Structures are given as C-alpha cells and as structure tokens.
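Just to be clear, the model below is a prediction. Sequence and coordinates:
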Amino acid sequence: MEQKKPCLRCLLEDMDSDSYAAGIIGYIKNVPADRRVSEEIYQQRLNACRECDRLINGMCLECGCYVQIRALKPAAECASPRKRWGAVTA
C-alpha cells in the first residue's frame, strides 16, 4: 500500500486533523534551542494561554496564531490586551 505524503501547502480543509496536528507538533520539536525560550518559560506561557478565554482549538482569537508556536519565540508576547505574558529579554 502506498503511503500518502504529508501535504505541505494544503489548506486546513484539505488535510485530516491528525496529520495537521502532527505537522505542528513536528515543527515545534524542530525549532532549534537557540531560537526558543526555555521549557520552563514555555510551559508558563502555555498555562497562561490555557486560562485565557481567547483560546480556542489551539488558536488565539486576538491574533490568529497557534499559541504553541507563538509561545516558543523569545521576542513574542501575548496578543491579548491583558498581556498574560511578555517577551524574554536577554
């Protein structure tokens, strides 16, 4: 049986949900350590997002980002007017 390749340029409706989630998780795992916050800060940010009423299906309703990706970035900050978390300064 031929294995289907993941679609790299598909819209969400063209992909099954399992492969899409796997793609996002794979992306997160492959972000180099020097381009991401520490695991402790990452988890703090995600916990703040989990408590936010603007989070739905892994996306921020304020900016449209996937919070698990935005939370990785040192220079990123919460898009909510409440600013639940901020950028990490060196």
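Looks like it came in fine.

and the nearest residue to Y27 once chain neighbours are set aside, what helix or strand is that in?
If the residues on either side of it in the chain are set aside, Y27 comes closest to I69, at 6.9 Å by Cβ to Cβ, 6 or more residues apart in numbering. For the C-beta atoms, the positions are set from N, CA and C on the backbone; glycine is no exception. Using DSSP states H and E, I69 falls within helix 67-70.

now the strands for this structure?
55-56, 59-60 (DSSP state E).

Excluding sequence neighbours, find me the nearest residue to C49.
Closest to C49 by Cβ to Cβ, 6+ apart is V67, at 4.4 Å.

picking up where we left off before, highest average neighbour count across the strands of the chain?
strand 59-60 (a mean of 17; mean count of other Cβ atoms under 10 Å).

That one - what's its average pLDDT?
Averaged across strand 59-60, pLDDT comes to 90.

now for that strand, which elements pack on it?
On a contact count with 3 or more Cβ pairs under 8 Å, 6 or more residues apart in numbering; DSSP states H and E, strand 59-60 meets helix 67-70.

Restrict the helix it packs on to CA atoms and write it as CSV.
Extracted in CSV, the C-alpha atoms of helix 67-70 (Å, rounded to 0.1, in the frame of the first residue of the first chain):
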residue,chain,number,x,y,z
VAL,A,67,-0.3,29.6,20.8
GLN,A,68,2.1,26.7,21.0
ILE,A,69,4.2,28.2,18.2
ARG,A,70,4.0,31.8,19.4
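
helices or strands up against it?
Packed next to helix 67-70, using 3+ Cβ pairs under 8 Å, 6+ apart, are helix 17-29, helix 39-50, strand 59-60.

who's in contact with the shortest one?
Read that as strand 59-60. Residues outside strand 59-60 that contact it (Cβ atoms under 8 Å, 6 or more residues apart in numbering) are C49, C52, R54, C65, Y66, V67, R70, A79, S80.

In terms of secondary structure, what does the helix or strand of the chain with the lowest mean pLDDT contact?
Within the chain, no helix or strand scores below helix 17-29, which has a mean of 82 by mean pLDDT, DSSP states H and E. With contacts defined as 3+ Cβ pairs under 8 Å, 6+ apart, the packing partners of helix 17-29 are helix 67-70.
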